[in-house]
Each structure stands twice: as C-alpha cells, then as structure tokens.
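**Student:** Any chance you can model this:
(2 chains)
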Amino acid sequence: MSPKATALVELQDLTKIYGSGESEVRALAGVSFRIDPGEFVAVMGASGSGKSTCLNMLGCLDSATSGRYLFCGLDVGTLSIDQLALLRRNYLGFVFQGYNLLARTSALENVELPLVYRRVPAAERQQSAIQALQDVGLGDRMHHVPSELSGGQQQRVAIARAIVTSPQMLLADEPTGNLDSARKVEIMKLLQKLNQDRKITIVMVTHETDMAAFATRTLHFKDGLIERDLVSEKVSA
Amino acid sequence: MIWTTILMAFREIKRNPMRSSLTMLGIIIGVASVIIMVALGRGAAFKITSDISSMGTNLLIATPGSERHGPTASAAQPFKQDDVRIMLRELGSVAEVAPAGSLGALLVNGNLNWSSTVTGSTNAYFQIRAFSFELGERFSDAQLQSGAAVCVLGATVRTKLFGTQNPIGSSIRIAKVNCAVVGVTRPKGQSSFGMDQDDFVLVPLATFQRRITGSTDVGVIFLSAHDGKQISKVKSQVAALLRERRRIAPGAMPDFNVQSMEEITATLGTVTNALIALLGAIAAVSLLVGGIGIMNIMLVSVTERTREIGIRLSIGARGREVLFQFLVEAMALSGLGGIMGILLGLLVSYVAARLMHLPFSLVPDMVVISFLFSASVGIIFGYLPARKASRLNPIEALRHE
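**Tutor:** Numbers count the residues shown, from 1 in each chain, chains lettered A, B, ... in the order given. Okay, the predicted model is just below:
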C-alpha cells in the first residue's frame, strides 16, 4: 500500500485499561495502525480480544488510557466531550448489532435524527432522509415504525441513518449479528456498495470470516493486540 | 431546533398517554386548587365588603366602653339623650344621628311567639341602616315624642308571627307591652357574618326607655356622615365632642369607642386576605407534590430511555442537547398540566361560586402566577433527571437493556 500524506485514522501505541490494581483489564495493549480513505476494514477476534474497544475508540465514544488517536491528523485525545460529540455528528456514522432505532418512531424520522442535530432545515432534512432510505432499498417503508419492520429492514434503516450525513467513516459493530444468512449477505452487499460507490470508509467488527471476506482488509485482534493485518486478495461479491 | 425539540417532547408525551396524564394530574390538581381557593376566597371577601357597604359606608357607630378593654359597656357611662341633640346641632358634617338601645325579648302574637331583639331608636335609624318599607310607614313625630306603643317589624319577625298576613293594625306583645304594628321593612337578607339583618323589631326610643327598660340611657349611637365628607375627619369630630361631653382629660384613654364601617371593612379585609393566603399556601403545597411527581416520572423515563439517550449521543448529540430535550419534556408536561389545571380551576370555582351565591371573580393574576409556577416546577423538577440523562456514558447507555 502506498503511504499517503494524511491517513483518515492513525492509532499510535493506543492502550485502554479498565479498572485498576488487581482487577485491571488491558483491553488494548498498545495498538498502532492506520486506515486510509476508502478502505473497508473488517476487525476480527475472539470476544475480549479488544476489537469492540477499538471500535469505540475509533468512534470517539471512549477515550484512550495512553497513546494517540489521530483523526484526519487531529489528535482526538485533546478534544472535550462536546467536541467529540461534534466530531461524531459531522464525520462519523454508526451501525450497531441491535439496530438501535428509536422505538415507535417512523423509519423516516429515525433517519432524519442526525440531521436534526446538524440543524438541517425540515424540508431539506426530509428530502435527504428519503434519499438515504431509497439508497438502502426502503423507499416503500418510510412511514413504518421499527416494530413493523424485519430485522434486515431495521438494519437498513440504521444504515440509512448512518449515511444520511455522508460521513467520512462508517463504524459497524457486528451489523449482521442478529440476522439470518440471506439477510447477512444483503447487508454486506449494501455496505460494500456504499464503500465502492460513495467511497465511504467502513470499519466493521465481526466474528464471522464470511462477512469479513467482503472487506478489503482484515485486522485480527488477540489479547488487546493486532495479531494479523491482511489485505484481501480476493474480495467476496 | 427548539421547535423540533418541542414537537419531540409532545410526541413523547403522546406515546405514553397513561403515564403522562397521571403525571399531569398532580399539576392539574395543584394549579386548580390554587385557583379555586383564591377565587372563592376573593369572592367571599368581595361579598363581605359589599355587604358592609350596603349597610352604609358613611356609617359611624359610637359605643360606650373603651376599645382596649373590650366590651365593658356596663362599667362605662352610657350616652345621654343630650349627647345626640348636641351632635346634631354642633356637627355640620353629620347627616343623621340615631340613638339606640336594644334588648333581647320574646315577641308574641296570639299563640305564635319568636325570640328576637327589640331596638328602640328614631326614624333616622331606618335611613342610616338603609331600611326601606314594604308595608306601612315609619313612626310619626307624635308617636316618637310620646313614647307610643307602636312598632315596625323586620321581615323575619313578620314572617314568624304573621306568616303572609298583613300585620298592619294588629298588635304584638313585646316584653309585656302591647304594641301596634305600623310598618314592615323590606328584607335585606343574611349578612356575611351569618346574622339575619331582618330579625328585629323597632320601637320609638322613648317607648323603649320608658316602657321596656325604664332607663333613659342610650346604649349606642349610629351616625351617618354627609356624602363626600371624609369619614375619618367626621369620626374625629364625633370623638372630640364626646370627649368634651364626657369630660375626659386630654391624653387620657376615652371610655367610649367610635368605629367607622370603613375600619371594620379594613379589619375584615386583613383577616380575609390572611385566610386567602393560607388557603393558597395549602394549595401550593399540592402543586409542589405534583412537581415531585413530575421529577419521579422523568427519572423513570430517563432510566427507561437510557438506550435512546445512548443512540442520540452516538449520532452526535451533545450533553446539553439531551439535557434540553428532557427539560423541554418536563416543561411540556407541567405546562400542559398547568393549562388544564387553570381551565379546571376556573370551571370549578365558577360553579362553586354559583352554588355558594358568591360573586365569581376571575383572577387573572393567579392564572398567570400558577401557570408560571407550574412551568417553573417543570424546570426545577425536570432539571435533575435531565442532567442525569445528559451525563450518561454513551457506550454504557447503548448497552443498557
């Protein structure tokens, strides 16, 4: 891979320690890597390997114990809680295993939510949200509430919510974890399409090799350290 | 953003109609009771004041006995017939003077009898106390001077002794004296003190003194000032004259008491205001309890919606935005409850005022105050839960089941 001037993400010897003394847990024990714009990275590892902690770090939801996290060259460790929120609002999108949609709220309103915090005017907000829902193939389900949607459809709404702001990086935590195999492939293809067509950088935590095969690069975590960093030769499609 | 947040708050309230209405009920009852208490209190106060002024605002009452030592009329020297004459002659500001004495007495007409008060006075009494005649007429000068055995009945006494019959020309026995009925006054109704103003029988003062008590003393003097005269000035003139007549050294405590209706009204006003304040304070406590109810529900709501807060934080909501959202929700709950409470309070106080024959007084200031109070209850009691929500850790909030 040819090194670029500024990586989208660069971790330098990042550690995260939970608790203290005897009960101390080293979730991340000094991790360094960089992600360039346009990459689709799968993060794999057994539970407790530090992969989820790493994703929380990348998502600015948690702060490191030591080391540096540079986002577009900006040292995230120096930002206040509010600045971190603004960074998430303007540059990041999240997709979770449990969809995490607002209950009793229509798909459209769920997708509009990030734009509300961005102070986008109502009309424009709705237009963008409709576009995002059409992009994920839910143009005909906009007014359904989550309980009226299947798991796959809910995850599509969540993806629409994550991309409606055109983020620099989409972070996905086991996005296919709750789905049957046919839906898993659908979601993975959708993510892949977003990565290829819209050049959205994606970092996805998964424990399934089949899902990781859709990514262009795989990071294997073990005991809080990166065990292997592989660029895929052949990507699933 | 603000508008969206308010819309969001109302949607959240609608989502849980049962819980929201129970929470609002606390505020509704609180606000309504404040309004009802104050509205009824003011209505009653207004009625008392207007009743008193129906007795004549320019009325002065002079009684023997010092103010400070309470009703010691027996110890104090009573007024004399001459006092009245001199007052009329010397004091230009005084329109009417009615010396009076009264006594409890049994009234008998055939086999009907009724315990009432017999008052001896002059025709000025009717003018000062604003009595008009339904039947017959007032005493003639001859009757007044000679102390004739005649009487004028109050409306209540007439009903008790004669029913619907015309009593003019009949006689009744008042404490062993047979008196011919010459007139009946028009009913004035119950006074605010629960006293029946029509339960009396009036005889000429001379009749009262000679035939009933056997004493020429005057127990009380009613005076009315000319319209437009300052009551306090007239009052001090009357007091000065009485001091002179009764030879009270300058600086010494007078052994009589002159009161104006204005003062009595003012005293009553102080009492009723204190009562209204007390009632209002009790009602305010229920508002406070309602506020605690809101805090309780909002705390439950924050816990219940921890995951939602996690979602909002993860997509970039700042703590202050989450705080604002929950504050607006608490304010919307209490504001909505406040509006309903105001409507309920006005309705109930209107109906109650009608039932209790009190004037219904709209209390715009209380409406505004209780609305602002309920909205601030929302802010105060919503703040703690909202702050709790805004300080949640997004990762833990998202993991919350």
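**Student:** Break chain B down into its structural domains.
**Tutor:** Following automatic domain parsing, chain B resolves into domains at B:2-51+B:266-399, B:77-254.
**Student:** just checking, which of those domains sits deepest inside the structure?
**Tutor:** Among the domains of chain B, ranked by average contacts under mean count of other C-beta atoms under 10 Å in any protein chain shown, first place goes to domain B:2-51+B:266-399 (a mean of 19). The C-beta positions use only the backbone N, C-alpha and C, and glycine is treated the same way.
**Student:** mind checking the end-to-end distance for it?
**Tutor:** Domain B:2-51+B:266-399 has an end-to-end distance of 29 Å (criterion: C-alpha to C-alpha, to the nearest Å).
**Student:** Any regions of the stretch 101-250 of chain B where pLDDT drops low?
**Tutor:** The model of the stretch 101-250 of chain B has pLDDT under 70 over residues B:189-195, B:228.
**Student:** Next, the residue of chain A found nearest chain B: phi, psi?
**Tutor:** Minimum separation of chain A from chain B (C-beta to the nearest C-beta) falls at residue A:89, amounting to 2.4 Å. Note on residue A:89: backbone dihedrals following degrees, to the nearest 10 are phi -60, psi -40.
**Student:** quick one on the thing from earlier: what would the domains of chain B look like in JSON lines with distance to residue A:33?
**Tutor:** As requested, the domains of chain B are arranged in JSON lines below (distance: least, C-beta to C-beta, whole Å):
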{"stretch": "domain B:2-51+B:266-399", "distance to residue A:33": "21"}
{"stretch": "domain B:77-254", "distance to residue A:33": "89"}
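**Student:** still on that earlier bit, is the residue of chain A closest to chain B in contact with residue B:316, as I believe?
**Tutor:** Yes: the pair residue A:89 / residue B:316 is scored as a contact, 2.4 Å apart, by C-beta atoms under 8 Å.
**Student:** what's the overlap in contacts for these two?
**Tutor:** Common neighbours of residue A:89 and residue B:316, using C-beta atoms under 8 Å, 6 or more residues apart in numbering or on different chains, are A:114, A:117, A:118.
**Student:** What helix or strand is the residue most central in space within chain A located in?
**Tutor:** Nearest to the geometric centre of chain A sits residue A:171, at 0.6 Å (C-alpha atoms, centre = their mean). Assessed by DSSP states H and E, residue A:171 sits inside strand A:169-173.
**Student:** What of residue A:187?
**Tutor:** Using DSSP H and E, residue A:187 sits within helix A:181-197.
**Student:** roughly how far is that helix from the heart of the chain?
**Tutor:** Relative to the centre of its chain, helix A:181-197 is centred 14 Å away, using C-alpha atoms, centre = their mean, to the nearest Å.
**Student:** The next helix or strand after it: how far from the chain's middle?
**Tutor:** Going down the chain from helix A:181-197, the next helix or strand is strand A:201-205, by DSSP H and E. Offset of strand A:201-205 from its chain centre (C-alpha atoms, centre = their mean): 5 Å.
**Student:** relative to strand A:169-173, how tilted is strand A:201-205?
**Tutor:** Interaxial angle, strand A:201-205 versus strand A:169-173 (axes from the mean of the first three to the mean of the last three C-alpha atoms, to 10 degrees): 10 degrees.
**Student:** other SSEs contacting strand A:201-205?
**Tutor:** Applying 3 or more C-beta pairs under 8 Å, 6 or more residues apart in numbering or on different chains; DSSP states H and E, we find strand A:201-205 packed against strand A:40-45, helix A:51-58, strand A:169-173, helix A:181-197.
**Student:** next one: phi and psi at residue 180?
**Tutor:** You didn't pick a chain, so chain A it is. Dihedral pair for residue A:180: phi -80, psi 170, per degrees, to the nearest 10.
**Student:** my question was about chain B
**Tutor:** Note on residue B:180: its backbone torsions stand at phi -80, psi 140 [degrees, to the nearest 10].
**Student:** What separation do you get for it and chain A?
**Tutor:** Using C-beta to the nearest C-beta, to the nearest Å, residue B:180 is found at 87 Å from chain A.
**Student:** Surely that residue and residue B:149 touch.
**Tutor:** Yes: at 6.5 Å, residue B:180 and residue B:149 qualify as touching, with contact defined as C-beta under 8 Å.
**Student:** Thank you, goodbye.
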